[in-house]
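[1] The sequence and its predicted three-dimensional model are supplied below.
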Amino acid sequence: MSRVFNFSAGPAALPVEVLEQVRDELLEYPGCGASVMEISHRGEAFLGIARQAEADLRELLAIPDSYKVLFLQGGATGQFAAVPLNLTDSGSVADYVNTGAWSKKAIAEAKRYCAVNVAADAAASKYTTVPELDEWQSTPGAAYLHYTPNETIGGVEFPFIPQTGDVPLVADMSSTILSRPLDVSRFGVIYAGAQKNIGPAGIAIVIVREDLLDRARPEVPTVFNWQAMAADGSMLNTPATFSWYVAGLVFQWIKRQGGLAAMGERNLAKAERLYGAIDASEFYANPVTPECRSWMNVPFTLPDPALDKPFLQGAQESGLLALKGHRSVGGMRASIYNAMPMAGVDALIAYMREFELQHG
Ligand code: PMP
C-alpha cells in the first residue's frame, strides 16, 4: 500500500518531508553513531535537539520571554489534572466553558481536585456553537478560566479569545495549536497534546506564564509540577526523546512553509473549500454555526446513516483514509491539519461529488 491522504483526527498525518528526514537519520543521528532513540537525553546531541526545538517553537509562536515552554509526558489528558493541581488550592473555584466532548473531560478531571463552575455551556445548541460571551457566568477571583479553543470531535472552534481580566486564561489547544498565528500573551497557560500539528504522540507541550509557577499544590506529582519541570528543562526524568526530536523537525518544516502566517492562509483556504463544497450540496451537511466552524476538524453527515458504510469503503478505495466520524457523533469527520495538502482536500471533494452522483 502506498501513502494515501490521511484524514485522521490524531495521531494524524505528518509531513512527508519530516518522515523522510526521520528515516534518513533513523539508524545514525548525524555525528552520534547511534539512533536518536538510543542516546542519553543529557548528552550534548540530544540537548542540542531539545534546545533547537524550543527555540523554533518560541519563534513560530512569538512566545514572550516571560513564558516557560515545557515538553511533558501524559498527553493533554495529563494536563487536565495538572492544570488544577498547579493552579488551585482546595478552596479555589475554577471556571470552565463547556463546548463539547473535550471540555467535558477536562471538567470531569478538574472536579476531582477543586470546585468547578461551568461558566457557560453550549448544551442547548447540542454543542454546535460557542456560547455568547455576554452570557458567561464567570466567578470573580476564579483561579483560572479554562476553555477548549477547538473541539476536535464536534468541529467547533472559538472565533475569539475570551477576555478574562486578571483571571488567568487556560486553553487546551491540542487540535488547533500551530494552525495559524496566536497572541500567546493573552493566555496564562496553553497546553496541547502533540499528535495533531506538533508531532508523534508521547509529548504534551505546556506554555506557562512565569508568574503562575508558584501556585502548585504540594501533592502534585513531580512529573506534572510545572515549576519543577521548568527548573530542570523538562528533564526531571527521561523525556519522550523521540517525540521531542520529531516535533523539532515539524517546527522546522513549518518555518520552511513560511511560518504560521502562511500556514494559517493555507489552512483557511482548505477549510473554506471543504465547507463550501458541503454547503453547496443538498446531500452533505455540517451542523456547526458558520463562524464557529473548525479549520482543522470538519464533521459532516450524509442524508442517511445507511450510506456511511459504502461512503467509507469507497473513500478507502480512493485513497482517502480515516474519514469515519467519532463514535459518539457518527457521520464523517475530515481532519485537515497542517500536513494535509490542498490536493488532499480536492481529492476528498471530488470523491464526495462522485458519491453524491451515485447515491443522491
Ligand atoms: N484535548 C483535545 C482537544 C483533544 O483533541 C485530545 C485528543 N484527541 C485530548 C485533549 C486528549 O489528548 P491526549 O490523548 O494526548 O491525552
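    Received, thanks. The shown structure was predicted, so the numbers you read here are calculated from the model rather than taken from an experiment.
[2] Show me what from the chain comes close to the ligand.
    Proximity of the chain to the ligand, by C-beta under 6 Å from any ligand atom, involves residues Gly10, Gly75, Ala76, Thr77, Trp102, Thr148, Thr152, Asp172, Ser174, Ser175, Gly193. Where C-beta positions appear, they are placed from N, C-alpha and C, glycine not excepted.
[3] could I get those residues as CSV with distance to Gly314?
    Formatted as CSV, the residues of the chain next to the ligand follow (distance: C-beta to C-beta, whole Å):
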residue, distance to Gly314
Gly10, 24
Gly75, 33
Ala76, 33
Thr77, 34
Trp102, 30
Thr148, 33
Thr152, 25
Asp172, 34
Ser174, 30
Ser175, 27
Gly193, 31
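[4] where in the stretch 1-150 of the chain is pLDDT low?
    Scanning the stretch 1-150 of the chain with the threshold set as pLDDT under 70 gives 1.
[5] for it, what spans make up the helices?
    16-25, 44-61, 75-87, 101-110 (DSSP state H, counting those that start in this stretch).
[6] Can you name every helix or strand that the biggest helix by length in the chain contacts?
    For the chain, the helix with the greatest residue count under DSSP state H is helix 259-280. With contacts taken as 3 or more C-beta pairs under 8 Å, 6 or more residues apart in numbering; DSSP states H and E, helix 259-280 sits against helix 44-61, strand 297-300, helix 342-359.
[7] now for those, which one comes closest to Glu265?
    Nearest of these to Glu265, taken as C-beta to C-beta: helix 342-359 at 11.1 Å.
[8] Just want the angle from the closest one to helix 259-280.
    Orientation note: helix 342-359 sits at an angle of 10 degrees relative to helix 259-280 (axes from the mean of the first three to the mean of the last three C-alpha atoms, to 10 degrees).
[9] List the buried residues in helix 342-359.
    Neighbour counts over helix 342-359 (16 or more other C-beta atoms under 10 Å) mark Gly344, Val345, Ala347, Leu348, Ile349, Tyr351, Met352, Arg353, Phe355, Glu356 as buried.
[10] starting at the chain centroid, how far to it?
    Distance, stretch centre to chain centre, for helix 342-359: 26 Å (C-alpha atoms, centre = their mean, to the nearest Å).
[11] heads up, I number from 171, so please use that
    Got it, the first residue is 171 from now on, which makes the last one we talked about helix 512-529.
[12] Buried residues in the longest helix of the chain, which are they?
    Gly429, Leu430, Met433, Gly434, Arg436, Asn437, Lys440, Ala441, Leu444, Tyr445, Ala447, Ile448.
[13] Over to stretch 345-365?
    345-350, 352, 354, 357-365.
[14] and what of stretch 292-299?
    For stretch 292-299, the neighbour count (16+ other C-beta under 10 Å) marks Ala292, Ser295, Tyr297, Thr298, Thr299 as buried.
[15] Please parse the chain into its domains.
    Structurally, the chain divides into domains by automatic domain parsing as follows: 187-426, 428-529.
[16] Return the alpha-carbon coordinates of stretch 249-257 using CSV.
    The C-alpha coordinates for stretch 249-257 follow below in CSV (Å, rounded to 0.1, in the frame of the first residue of the first chain):
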residue,chain,number,x,y,z
GLN,A,249,-2.7,18.3,31.8
PHE,A,250,-6.5,18.0,32.6
ALA,A,251,-5.2,17.1,36.1
ALA,A,252,-2.0,19.2,36.1
VAL,A,253,-3.9,22.4,35.5
PRO,A,254,-5.9,22.3,38.7
LEU,A,255,-3.0,20.8,40.6
ASN,A,256,-0.7,23.6,39.6
LEU,A,257,-3.2,26.5,39.8
